[in-house]
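A.B. asks: Structure for this input, please:
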Amino acid sequence: MKTIRASLYTMIAGAVLIGCASHPDPIIDSKGVDMAKYQQDLAECREYAKSVSVTEGAAKGAALGAVVGAAAGAISGNPDSGAGYGAISGGTQSGLSNKREQERVVKRCVSGRGYKVLN
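C.D. replies: Numbers count the residues shown, from 1 in each chain. The predicted model follows:
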């Protein structure tokens, strides 16, 4: 039961951290830009970026981290604690990596549509 509760807390903490981790929107040079058209293009690019699943990546990372953590914890005699720490670390790192990839997709998409991306 403790492991299930720890996993739940891990996922919640990871989701909060991922949500606060970065600046998701590209910053563009808006000189001479039709902002209504840009907002439409940005919305379309965000839809493309949704193909990179943050939650799925975080869940896979948490599962892998739990396995690695349990193995490391078994060496020290505490596999449950190791699994919990591994799940937190793996889930957070994978989720952040996928979130950054979503942001890169949006920026490449917007840039590909002719906007000058500054960040």
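A.B. asks: where in the protein is pLDDT low?
C.D. replies: In the predicted model of the chain, residues 1-23, 53-87, 89-95 satisfy pLDDT under 70.
A.B. asks: quick one: Leu42 and Val106 touch, right?
C.D. replies: Yes. Using C-beta atoms under 8 Å, Leu42 is in contact with Val106, at 7.4 Å. All C-beta atoms are positioned from the backbone trio N, CA, C, and that covers glycine.
A.B. asks: which secondary structure elements does the strand or helix carrying Ala43 contact?
C.D. replies: When secondary structure is defined by DSSP states H and E, Ala43 falls within helix 35-49. Helix 35-49 makes packing contacts with helix 79-112 when contacts are defined by 3 or more C-beta pairs under 8 Å, 6 or more residues apart in numbering; DSSP states H and E.
A.B. asks: Give me the distance between Ala49 and Ile88.
C.D. replies: In this view, Ala49 and Ile88 are 25 Å apart by C-beta to C-beta, to the nearest Å.
A.B. asks: which of the two has more neighbours?
C.D. replies: Of the pair Ala49 and Ile88, Ile88 is the one with more neighbours under other C-beta atoms under 10 Å, namely 23 against 20.
A.B. asks: that older thread, looking at Leu42 and Val106, which is more packed in?
C.D. replies: Neighbours were counted for Leu42 and for Val106 using other C-beta under 10 Å; Val106 has more, 23 against 19.
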